[in-house]
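**Q** my questions are about this predicted structure, shown below with the sequence.
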Amino acid sequence: MSFGYTLLMYDLYTAITGEGLHPYFGFLHAVKNRHPALASDLMEEWRAVIVDAMTLSLVHHHEIKLEHFSPAEDEDTPGIFLTREGRAIFLRAYEKKMRATNLYSGGKRSYRHALAHQARQYAQALMAENADIYEPVRLR
């Protein structure tokens with residue numbers, strides 16, 4: 001799932017910078033060296049909807065299997081990683097999810113466009129100094 005969160009963060013990073021916002025200054029996450037805190041802030045609303053749901057679907061439908069994981073090649077690197085084939089499966093599923101339409105942001109649009117809409121609303125709320133402009137993602 002951390003791979004999916006990284007992909008999601010950089011999709012949000014793109015949406016944020018497209019709105020002229022600085023992705024490294026957020027409100028919920030601490031400002032750290034080279035960490036896009038605003039992208040992390042906005043990502044919280046989408047983790048379960050995009051990455052968690054997609055990953056669980058891959059496991060539930062047996063698209064990702066135990067054979068798609070392996071320990072790091074370097075013995076000093078802890079962790080278990082997706083194999084090349086596992087990454088390809090995951091990336092295809094992530095891109096399919098991001099292109100899928102949804103109704104989360106007040107209209108029928110892809111998840112990628114919904115992220116851009118979220119960043120736009122956030123920028124408008126900041127500029128107008130009116131938090132009511134920003135509509136958070138509501139889970140069903």
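**A** Done, it's in.
**Q** and the residue nearest to residue 52 when sequence neighbours are not counted, what does it touch?
**A** On the basis of CB to CB, 6 or more residues apart in numbering, the spatially nearest residue to residue 52 that is not a chain neighbour turns out to be residue 1, at 6.7 Å. Placement of C-beta: from N, CA and C, glycine included. Applying CB atoms under 8 Å, 6 or more residues apart in numbering, we find residue 1 in contact with 51-52, 55.
**Q** now, those that are in helices?
**A** residue 55 (DSSP state H).
**Q** which single one of the contacts of residue 1 is nearest to residue 38?
**A** Within the contacts of residue 1, proximity to residue 38 (CB to CB) peaks at residue 51, which comes in at 18.1 Å.
**Q** for residue 17, see how far away that closest one is.
**A** Between residue 51 and residue 17 the distance, using CB to CB, to the nearest Å, works out to 21 Å.
**Q** the two: which has the busier surroundings?
**A** Of the pair residue 51 and residue 17, residue 51 is the one with more neighbours under other CB atoms under 10 Å, namely 22 against 15.
**Q** residue 86 contacts residue 59, doesn't it?
**A** No - Residue 86 sits out of contact with residue 59 when judged by CB atoms under 8 Å, with a separation of 11.6 Å.
**Q** select the helix or strand of this protein having the lowest average pLDDT value.
**A** Within the chain, judged by mean pLDDT, DSSP states H and E, the helix or strand with the poorest mean is strand 101-102; its value is a mean of 87.
**Q** contacting residues around it?
**A** Judged by CB under 8 Å, 6+ apart, the contacts made with strand 101-102 from elsewhere in the structure are 49, 108-111, 114.
**Q** just checking: what are the partner strands of it?
**A** strand 109-110 (antiparallel) (DSSP bridges).
**Q** mean confidence for the strand it pairs with?
**A** Throughout strand 109-110, pLDDT has a mean value of 90.
**Q** after it comes which helix or strand?
**A** For strand 109-110, the succeeding helix or strand toward the C-terminus, using DSSP states H and E, is helix 111-128.
**Q** how far does that following helix sit from its chain's centre?
**A** 15 Å (CA atoms, centre = their mean, to the nearest Å).
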